[in-house]
Each structure stands twice: as C-alpha cells, then as structure tokens.
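S.K.: sequence first, predicted coordinates after that:
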There are 2 protein chains.
Amino acid sequence: MAEAKTEHEQREKVRELIKDVQTTVMVTHGEGDELRGRPMVAAGLDADGKTLWFFSNSGTEKTAEIGRNGSVLLSYSDPSKQDYVSVSGTARVVRDVAKQKELWTETMKTWFPKGAEDPSIALIAVEMTGAEYWDAPSSTLLHAYGYVKAVVTGEPPKGGENETVSFKA
Amino acid sequence: MAEAKTEHEQREKVRELIKDVQTTVMVTHGEGDELRGRPMVAAGLDADGKTLWFFSNSGTEKTAEIGRNGSVLLSYSDPSKQDYVSVSGTARVVRDVAKQKELWTETMKTWFPKGAEDPSIALIAVEMTGAEYWDAPSSTLLHAYGYVKAVVTGEPPKGGENETVSFKA
C-alpha cells in the first residue's frame, strides 16, 4: 500500500500523470443537460501549476459552451497503463496575443497558418480546482486484467491508489 | 479519405471502439455545475445495441448523482491508438436481480463477495443517445505525433475520421 502523500506530492502526481497521458478529453456543458467531450492537447501549464492552456478556433461550439458555462472536466485516460485522472476546473476563452506567442510552436501552423497572431485563434485557459486519480500499483501493471477487475465498479481499486486532490488556495 | 459511412456502419464503429478501449470514464453531474468522472468497465451491451450495463455499489455518490440527473457522458480514450469516443446517454440506477445474474461473471466476486444477488449491487443502465468519435487513419498510427498535432485544437483531424452518430430511433 502506498504511503500517504502530502498535498504538494499529490498535486505533483496529478501534473505528472497529465504530462504522461498528454491528450485529454475536455468535457463541457452543452445544450440543456447534455455533456460534450472532445480530445485536446494542452499547449502549456503556468508556473502556478494550476492553469492549463489550450489552443482553439474562435467561434466554435466548444468556445460558445465555455462562454455559457465555464465548469469543465478534463479526463485523462491511459488504459495501457491503467492511469486515470479527472480534473475539475474553470475554463475561460481568452484572446491574448502575448500568451499565444509564448505558447506557440511551429507545429501549430497545421491549424493556424497565419502563425501565433492568427485572428482565428482563441485560447482556452482552464484553472484546475480539484482532481481525482486512479493509479495502478506497479505490481498490477504486470497483471492488467486484475486491475481492470478492480475498476469495474468505479470505486477505488484495491491495492492501487485513488486520491482526491484540491488545487484551491 | 474514408468513404461516407451509413448510420448502421457508424453505430457499429462506435460499438467496436467501445469494445476495444473497454474502460470508460463515466462523467456525471455533481453538485451545482461540477462534473465528476470515474473509470468503469461495462458488464454488457443489450441486443438493442444501445444500452450499456455497469455494476456499482448502491448508495454511492455516483448513484446519487445519476438519481438527480441521468444525463451522462461516457468517454473512451486510447492515446496509444489515438482513438477517442464520446457517448452521450441517459443513465438510470436499477435493482434487477435477474439482470444481475445474466451479467454476472465470477471475477465480480472481488467486489460483491455474496455473488450476483449481493444486496449491495446497484446496476447502472446507460441508454446511448448519440456519439462522436475521432479515429486515427491507419497511416497516421505509424506517425502518432502527426496525429497528436491534429487533435491539438479539439477540431476534426485532417485525414482522420470525425463522425457524429445518432442512436435515437
């Protein structure tokens, strides 16, 4: 059984898992009670260790949904490693050319051919407020089936780690 | 570029992806606007091809959340294959011993030592109403980085498939 982690260690663990899995599904509030989810990759994390930045096109359903309700969930899943992180956060759509330049990499030209100042860019900043993660213990990585059993019900796995982490204050 | 699929083929594609990824993150409405997500594995799919069944403990936050608001999102992600499916659905918590017996497998004893009739079992039935998937074309499976670029913004990848599928009627 893993030793109890400090809040600092738990937050670091969340950041490591996010970095490893890389692609998240950003879940937003759609029409009525409907939930929408789309795969995205964060372009950066602020020095505060809490704010993730994403590039988007402006004027999409996604940016409209965030405009109406900024409460989002970022789901990071890697079934091959049995790593799962659910990050709760508050999203806002921002037009900030300085930030766009800071986060810009050449590969983004695939999407924004006019470069970092492309007028079609809208940044999405997600301030993490809390997270929960399920992490397979190394012994069960060798026995993935045993771990799959363990997550069947969505309740904390036996032997693995399941932690709820606050990013507030 | 993939040929246009019929609705039947699109639904089959969603079912295949769900079967392959296996573990989903079930996203529910928590307190206020908060969203919650937990890894789970479906125990079965009805012959209608629309209703997924999950085992849960009764009296958990998850079952309470579904009781208050049955609108859920099932997120299936496999970053190693660059497969992503977002399923919208309506969930309900059911106590149905006959169904529990039908879906029961011996491995579930890890969770419910009293067997298929364990009084702590609550089934969750999710009726799929719609889905969206992002599927890497086979050529980019060999160039995962190229595809990661393609999903950076959450908009449809170039060369890959992005389809919105209805499960209504």
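M.R.: Received, thanks. Numbers count the residues shown, from 1 in each chain, chains lettered A, B, ... in the order given.
S.K.: for A:A4, give me the pLDDT.
M.R.: Model confidence at A:A4, expressed as pLDDT, equals 75.
S.K.: what of A:F112?
M.R.: The predicted structure lists A:F112 with a pLDDT of 86.
S.K.: got phi/psi on it?
M.R.: phi -130, psi 80 (degrees, to the nearest 10).
S.K.: contacting residues for A:G115?
M.R.: The contact partners of A:G115, by CB atoms under 8 Å, 6 or more residues apart in numbering or on different chains, come to A:104, A:109. All C-beta spots, glycine's among them, are computed from the backbone N, C-alpha and C.
S.K.: if we go to 10 Å?
M.R.: A:G115 is in contact with A:100-101, A:104, A:106, A:108-109, A:121, counting by CB atoms under 10 Å, 6 or more residues apart in numbering or on different chains.
S.K.: any low-confidence regions in chain A?
M.R.: Along chain A, the model assigns pLDDT under 70 to residues A:1-3, A:136-161, A:169.
S.K.: longest helix anywhere in it?
M.R.: Counting by DSSP state H, the longest helix found in chain A is helix A:7-21.
S.K.: run through the neighbouring helices and strands of that helix.
M.R.: Contacts defined by 3 or more CB pairs under 10 Å, 6 or more residues apart in numbering or on different chains; DSSP states H and E place helix A:7-21 against strand A:44-45, strand A:71-78, strand A:83-94, strand A:121-135, strand A:161-166.
S.K.: can you list the strands that the first one pairs with?
M.R.: Using DSSP bridges, the strands paired with strand A:44-45 are strand A:51-57 (antiparallel).
S.K.: and the angle from the helix or strand following the strand it pairs with to strand A:83-94?
M.R.: Beyond strand A:51-57 on the C-terminal side, the first helix or strand identified by DSSP states H and E is helix A:61-68. Orientation check (axes from the mean of the first three to the mean of the last three CA atoms, to 10 degrees): helix A:61-68 against strand A:83-94 gives 80 degrees.
S.K.: which parts of helix A:61-68 are buried?
M.R.: A:62-63, A:65-66 (16 or more other CB atoms under 10 Å in any protein chain shown).
S.K.: JSON lines for these, including distance to B:L52?
M.R.: JSON lines is the format used below for those (distance: CB to CB, whole Å):
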{"residue": "A:K62", "distance to B:L52": "26"}
{"residue": "A:T63", "distance to B:L52": "30"}
{"residue": "A:E65", "distance to B:L52": "25"}
{"residue": "A:I66", "distance to B:L52": "28"}
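S.K.: these: which ones sit near chain B?
M.R.: The subset of the buried residues of helix A:61-68 within reach of chain B, by CB under 10 Å from any CB of the partner chain, is A:62-63.
S.K.: just give me the closest of the buried residues of helix A:61-68 to B:W134.
M.R.: If you rank these by distance to B:W134 using CB to CB, A:K62 comes first, at 13.6 Å.
S.K.: if we can go back for a sec, the contacts of A:G115: which two are farthest apart?
M.R.: Pairwise distances across the contacts of A:G115 (CB to CB) peak at 14.8 Å, for the pair A:E106 and A:I121.
S.K.: picking up where we left off before, what residues does the longest helix of chain A touch?
M.R.: Contacts of helix A:7-21 with the rest of the structure, by CB under 10 Å, 6+ apart, involve A:3-6, A:24, A:42, A:45, A:49-50, A:52, A:74-78, A:81, A:83-87, A:128, A:130-135, A:161, A:163-167, A:169, B:77, B:79.
S.K.: just the buried ones from these, in PyMOL syntax?
M.R.: Selecting the buried subset of the contacts of helix A:7-21 in PyMOL, with 16+ other CB under 10 Å as the burial test, is done by:
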select buried, (chain A and resi 24+42+45+50+52+74+75+76+77+78+81+83+84+85+86+87+128+130+131+132+133+134+135+161+163+165+167) or (chain B and resi 77+79)
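S.K.: who's A:S86 bridged to?
M.R.: As for beta bridges, A:S86 partners with A:S75, A:E132 under DSSP bridges.
S.K.: in chain A, which residue is most central in space?
M.R.: A:L74 (3.9 Å; CA atoms, centre = their mean).
S.K.: higher neighbour count, A:E106 and A:I121?
M.R.: The neighbour comparison of A:E106 against A:I121 (other CB atoms under 10 Å in any protein chain shown) goes to A:I121, with 23 against 8.
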